[in-house]
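1. Structure, please.
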Amino acid sequence: MRRLEPGLKAGRLDAADYFENFSDLHPRLDDHEALVASDRCYFCYDAPCMTACPTSIDIPLFIRQISTGNPTGSAKTIFDQNILGGMCARVCPTETLCEEACVRNTAEERPVEIGRLQRYATDIAIEQGRQFYTPAAATDKSVAVVGAGPAGLACAHRLALHGHRVTIYDHREKAGGLNEYGIATYKTTNDFAQKEVDYILSLGNIDVLDGQMLGRDFTLADLQTKHDAVFLGTGLGNVNSLNIPGANINGMMDAVEFIANLREATDKADVPVGRDVVVIGGGMTAIDAAVQAKLLGAENVTICYRRGKEHMNASTFEQDLAASKGVNIRHWLQPKEVAHHNGHVSMITLEYTHVEDGVMKGTGHKTEIKADQILVAIGQKLDALGVEQVQIQGGKIAIDTEGRTSLPGVWAGGDCAFGGQDLTVSAVAMGRDAAESINRSLAVQSAGASAVA
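-> You can find the predicted model right below:
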């Protein structure tokens, strides 16, 4: 069987297996299921789920609207706070945000399915093409948004709503950022990321220039000359590397690249995967990469993380999902060396770790795991190309409470900015709030110009 062959192989499974493996993780609720799920909500006046939502969606209101048969009204309530509510319903760790705060947990240990209800409403609105918003009267102001990810799209939409002309500059071929390139395929099926982008752009006042990279094709100074304000939503363009012997051998791959290749593949059978796959890391990217390696037909997939289960950035739900798919998660292991055979990965040596006086240290004891593919998911970092003029804090762009950087007229938000949660919903909130700050600043500029005139 091809599934059992060693080495990197494409087409390990039958077509039917690929279709089943990469189908929707949580299919949308039907009308009856949505009514039943919404009926469980207490519609709390002082709802803790709202406080737990980074975008402060009025969750009791949108659920009540579903319960009264008004899903499009529900969608508007969601979009008023989070224009990317459809994607957030799919990919955000609702189990540790709004749903963890749900009061139903106290009595029943099972929250209202807020995420799935949010998806139900937003999907209906997008499928019906229900455009709820009309831009304000056109202003004479122009804003540059660098990056077409969640932060950039949220910022652009809110600015366009205020009547400003927005140009999005993005280095990829398609808009969407990590929503398009970095999310597990089984979480966002049927090209939903692009459907959501199209829905946002349908507002008008927004132009997208693809294949345009900051620091390569233009500078911040160029943007400041052409536009009245600039928003940086570039994300984290670089990845951390393993600094161990053998880290550059064939068969080593960045997990983000692995996920992107799979998402952009026309046919999942064309994506090669190892028989014995090792994933290094403990976050959501590590889980997504490991699960998808298993779904592609890998026989053995092992996640190795240098600390304990309780320290993993991946939620308990995601860890349990990986385990349910047959992924083995091993803790307290750090990579030390990669062995090869004929120039290709064959094994990885890891050292057991422990915490001593609050510091993680190696024990000196080692183990080996057979591998013909190693996926590295140990975090991403800011690509400083083009942003040398702004202040950096903690490896990210420093911003104030309104998203303003140290450079006048330049704001930032999302993963590239210090203080976010590295979540889609957090990026949306930062982009939206920065847009409001930019709008206030542009209004002051206009008032000042009128006074001078």
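
2. domain parsing for this protein?
-> 31-128, 142-237+382-452, 240-379 (the TED database).

3. Tabulate those domains (CSV), appending mean pLDDT, distance to residue 15 and mean neighbour count.
-> Bear in mind the C-beta positions are built from the backbone N, C-alpha and C, glycine included. Formatted as CSV, the domains of the chain follow (pLDDT from 0 to 100; distance: least, C-beta to C-beta, whole Å; neighbours: other C-beta atoms under 10 Å):
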stretch, mean pLDDT, distance to residue 15, mean neighbour count
domain 31-128, 95, 25, 20
domain 142-237+382-452, 94, 15, 20
domain 240-379, 95, 7, 19
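
4. May I see those domains arranged in JSON lines, with distance to residue 10 as well?
-> Formatted as JSON lines, the domains of the chain follow (distance: least, C-beta to C-beta, whole Å):
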{"stretch": "domain 31-128", "distance to residue 10": "27"}
{"stretch": "domain 142-237+382-452", "distance to residue 10": "16"}
{"stretch": "domain 240-379", "distance to residue 10": "4"}
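
5. closest to residue 24 out of those domains?
-> Checking the domains of the chain against residue 24 by C-beta to C-beta gives domain 142-237+382-452 as the closest, at 4.8 Å.

6. Please enumerate the strands of the stretch 1-150 of the chain.
-> Ranges of strands in the stretch 1-150 of the chain, per DSSP state E, counting those that start in this stretch, are 142-146.

7. Now do the same for residue 292: helix, strand or coil?
-> Per DSSP: H, G, I helix; E, B strand; the rest coil, the secondary structure class of residue 292 is helix.

8. Residue 373 against residue 251, yeah?
-> Yes. Counting by C-beta atoms under 8 Å, residue 251 is a contact partner of residue 373 at 5.3 Å.

9. Show me the common contact partners of those two, please.
-> Counting by C-beta atoms under 8 Å, 6 or more residues apart in numbering, the contacts common to residue 373 and residue 251 are 8, 274, 345.

10. Among the residues you listed, find me the one that's closest to residue 50.
-> Nearest to residue 50, judged by C-beta to C-beta, of these is residue 274 at 44.5 Å.

11. Quick check: chain neighbours aside, which residue is closest to that closest one?
-> Spatial nearest neighbour of residue 274, excluding adjacent residues (C-beta to C-beta, 6 or more residues apart in numbering): residue 373 at 3.0 Å.

12. For that neighbour, give the beta-bridge partners.
-> residue 277 (DSSP bridges).

13. any idea how far it lies from residue 250?
-> Counting by C-beta to C-beta, to the nearest Å, the gap from residue 373 to residue 250 is 10 Å.

14. which neighbours do those two share?
-> residue 345.

15. where's residue 273 relative to residue 7, distance?
-> 10 Å.

16. would you list every one of the helices in the stretch 1-150 of the chain?
-> Counting by DSSP state H, counting those that start in this stretch, the stretch 1-150 of the chain has these helices, from start to end: 15-21, 31-38, 48-52, 59-67, 71-81, 85-91, 98-101, 104-108, 114-127, 150-161.

17. ok and the second one relative to helix 71-81, angle-wise?
-> Okay, so that is helix 31-38. In this structure, helix 31-38 runs at an angle of 50 degrees to helix 71-81, with axes from the mean of the first three to the mean of the last three C-alpha atoms, to 10 degrees as the basis.

18. Next, the angle from helix 31-38 to helix 114-127.
-> Angle of helix 31-38 versus helix 114-127, following the same axes, to 10 degrees, is 140 degrees.

19. What helices and strands are in contact with helix 31-38?
-> Using 3 or more C-beta pairs under 8 Å, 6 or more residues apart in numbering; DSSP states H and E, the elements in contact with helix 31-38 are helix 59-67, helix 114-127.

20. Please compute how far the last one lies from its chain's middle.
-> Same thing as helix 114-127. Centroid displacement of helix 114-127 relative to its chain, using C-alpha atoms, centre = their mean, to the nearest Å, is 18 Å.

21. Show residues contacting that helix.
-> 26, 28-29, 34, 37-38, 49, 57, 59, 62-63, 65-66, 71-72, 74-76, 78-79, 85-86, 88-90, 92, 94, 98-99, 102, 132, 195-196, 199.

22. Stretch 432-444 too?
-> Here stretch 432-444 makes contact (C-beta under 8 Å, 6+ apart) with 55, 81-83, 139, 141, 143, 151, 154-159, 162, 164, 228-229, 231, 402-404, 409, 411-413.

23. Mind doing that once more with 6 Å?
-> Around stretch 432-444, the neighbours that count as contacts under C-beta atoms under 6 Å, 6 or more residues apart in numbering are 141, 154-155, 158-159, 162, 229, 231, 402-403, 411, 413.

24. could those residues go into a markdown table alongside distance to residue 428?
-> Converted to a markdown table, the contacts of stretch 432-444 look like this (distance: C-beta to C-beta, whole Å):
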| residue | distance to residue 428 |
| --- | --- |
| 141 | 22 |
| 154 | 4 |
| 155 | 9 |
| 158 | 10 |
| 159 | 14 |
| 162 | 17 |
| 229 | 19 |
| 231 | 13 |
| 402 | 16 |
| 403 | 13 |
| 411 | 15 |
| 413 | 9 |
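
25. that older thread, tell me which of the domains of the chain lies nearest to residue 19.
-> domain 240-379 (8.6 Å).

26. tell me how far the ends of that closest one are from each other?
-> Using C-alpha to C-alpha, to the nearest Å, one end of domain 240-379 lies 6 Å from the other.

27. same deal with stretch 103-111?
-> The straight-line separation of the ends of stretch 103-111 (C-alpha to C-alpha) is 7 Å.

28. From the chain's centroid, how far away is that stretch?
-> With C-alpha atoms, centre = their mean as the basis, stretch 103-111 stands 28 Å off its chain's centre.

29. What of stretch 115-131?
-> 19 Å.

30. Dump that stretch to CSV, keeping only the CA atoms.
-> C-alpha atoms of stretch 115-131 as CSV (Å, rounded to 0.1, in the frame of the first residue of the first chain):
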residue,chain,number,x,y,z
GLY,A,115,-19.5,29.9,17.6
ARG,A,116,-21.8,27.6,15.6
LEU,A,117,-24.7,30.0,16.0
GLN,A,118,-22.5,32.8,14.8
ARG,A,119,-21.6,30.8,11.8
TYR,A,120,-25.2,30.0,11.0
ALA,A,121,-26.2,33.6,10.9
THR,A,122,-23.2,35.0,9.0
ASP,A,123,-23.2,32.3,6.4
ILE,A,124,-26.8,33.0,5.5
ALA,A,125,-26.1,36.7,5.1
ILE,A,126,-23.0,36.2,3.0
GLU,A,127,-24.7,33.5,0.8
GLN,A,128,-27.6,35.9,0.2
GLY,A,129,-25.3,38.8,-0.5
ARG,A,130,-27.0,40.9,2.2
GLN,A,131,-25.0,44.1,2.2
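
31. hang on, the earlier thing: which stretch among the domains of the chain comes nearest residue 16?
-> Across the domains of the chain, residue 16 has its closest neighbour in domain 240-379 (11.1 Å, C-beta to C-beta).
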